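Peer 1: Sharing a sequence plus its predicted fold:
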Amino acid sequence: MKKLIAGIAISTLLLTSCGSGGLSKASEKSFVSGSGAAVVIAEENRVRAPKISGETLDGSNYTIDQTRVTVVNVWASWCAPCRAEAPIFQDFSIKNPEIRFVGILTRDNFSSARSFTQRFGITFPTLIDDSLIVKFRGSLTPNAIPTTLILDNQGRIAARISGATTVAGFRKVLEEVTGSAING
């Protein structure tokens, strides 16, 4: 009986891992989408964010300022949830200039990404080095497209939102990290 149950479990695992939901191709059908769930880390348990810098979509170099609250959004132009939340981040970035916003483009091409930023009027920088995501390993790693990380004003990883966020959900997490009211 144990062998039968083990065989069924292994077969189920193999069959479910063969679907098109893997991460082998960059298309809207092959990415992991989060539920929008937020994780906020207690101050005493936060770890320093890695140094994040590199080339942006506009060809300039950018380094994340680790002395202010920073929202890091991992996105792609082909990602429907990314399109849904882009106006939220742009609006918050304008209404809250004390908070730094930066994107990290993942699994996308530059012309589509530039069109995306123009379409949604994105004014904050987007880094184009997909490998920057790996630097977060060992902390709250970006685990879906989109993922939003919030760094506190000491450069520590304070929160992660896996998947698309809402205005109310994003404001709540930002207010928890900053300890103050947020416009938006």
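Peer 2: Sure, I can see it. Residues are numbered from 1 along each chain as shown.

Peer 1: Distance-wise, check the residue nearest the centre of the chain relative to residue 41.
Peer 2: The centre of the chain sits closest to residue 147, judged by C-alpha atoms, centre = their mean, with a distance of 2.3 Å. From residue 147 across to residue 41, the span is 15 Å (C-beta to C-beta, to the nearest Å). Bear in mind the C-beta positions are built from the backbone N, C-alpha and C, glycine included.

Peer 1: ok, the residue lying closest to the residue nearest to the centre of the chain once chain neighbours are set aside to residue 86 distance?
Peer 2: Among residues not flanking residue 147 along the chain, residue 74 sits closest, at 4.6 Å (C-beta to C-beta, 6 or more residues apart in numbering). Distance, residue 74 to residue 86, by C-beta to C-beta: 13 Å.

Peer 1: where do the strands sit along this protein?
Peer 2: For the chain, the strands defined by DSSP state E cover 37-40, 53-55, 61-63, 70-75, 100-105, 126-127, 147-151, 157-162.

Peer 1: Now render the ones you listed as TSV, adding mean pLDDT and distance to residue 119.
Peer 2: What follows is these, written out as TSV (pLDDT from 0 to 100; distance: least, C-beta to C-beta, whole Å):
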stretch	mean pLDDT	distance to residue 119
strand 37-40	88	26
strand 53-55	96	21
strand 61-63	96	21
strand 70-75	96	13
strand 100-105	97	14
strand 126-127	96	13
strand 147-151	95	20
strand 157-162	94	22
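
Peer 1: closest to residue 174 out of those?
Peer 2: strand 147-151 (6.7 Å; C-beta to C-beta).

Peer 1: I'd guessed residue 81 sits against residue 161; true?
Peer 2: No: Residue 81 is beyond contact range of residue 161, at 10.8 Å (criterion: C-beta atoms under 8 Å).
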